[in-house]
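Novice: Kindly generate the corresponding structure for this input.
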Amino acid sequence: MIHLGAALLCDAVTVRENLLHVLGGGVTRLPRPGFPAPLAAEVALLLYVDGEPGVEVTHRVTGECRLRGTDDAPIFAFEYTLRTVLGSEEGAQSVSAVLPLGNVGVPAAGAYEITISVDEMPVGRIPFTAILDETLLPSWDDPAN
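Specialist: Residues are numbered from 1 along each chain as shown. Below you'll find the predicted structure:
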């Protein structure tokens, strides 16, 4: 059995010795100078896995991003195969994962939601809003540019 402990949209994430190192975790607003725009974020996952100690477990972790409140086709999707050998401890054990989303984007400003599923069962959602912020564009009148 597997349970979601945390799912965060972040500026950057790394995993070292199963520890999540999160920079700018919990992103809910993505200001962009125009659209379409890169997501330029990563998903940090903390999963708790139950099972028999010493046994390798495999789970299929997937995600789909859609405009919130619609059944439209996904804006983007991802898949990750979680493989781990459970330690000798009793009870659930944590497994950390990073899902880099630097190569995907959002087509327009709006409210989006990434649905996370494990083995085809939804386990969590990450809502975020992409907003137009034209102040992020460089000013060509500024001599510093």
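Novice: buried residues in stretch 53-61?
Specialist: Of the residues in stretch 53-61, those buried by neighbour count under the rule 16 or more other C-beta atoms under 10 Å are Val57, His59, Val61. Placement of C-beta: from N, CA and C, glycine included.
Novice: Give the other helices and strands that the helix or strand that contains Glu113 contacts.
Specialist: In the assignment (DSSP states H and E), Glu113 maps to strand 110-118. Under the contact criterion of 3 or more C-beta pairs under 8 Å, 6 or more residues apart in numbering; DSSP states H and E, the helices and strands touching strand 110-118 comprise strand 2-16, strand 42-49, strand 56-67, strand 121-132.
Novice: buried set for it?
Specialist: Within strand 110-118, the residues scored as buried using 16+ other C-beta under 10 Å are Gly110, Tyr112, Glu113, Ile114, Thr115, Ile116, Ser117, Val118.
Novice: if I pick the last one, what's in contact with it?
Specialist: So the one you mean is Val118. For Val118, the contact set (C-beta atoms under 8 Å, 6 or more residues apart in numbering) comprises Ile2, Leu4, Leu47, His59, Arg60, Val61, Thr62, Leu82.
Novice: now for the residues you listed, which pair is the farthest apart?
Specialist: In the contacts of Val118, the most distant members under the criterion C-beta to C-beta are Leu4 and Arg60, with 14.0 Å between them.
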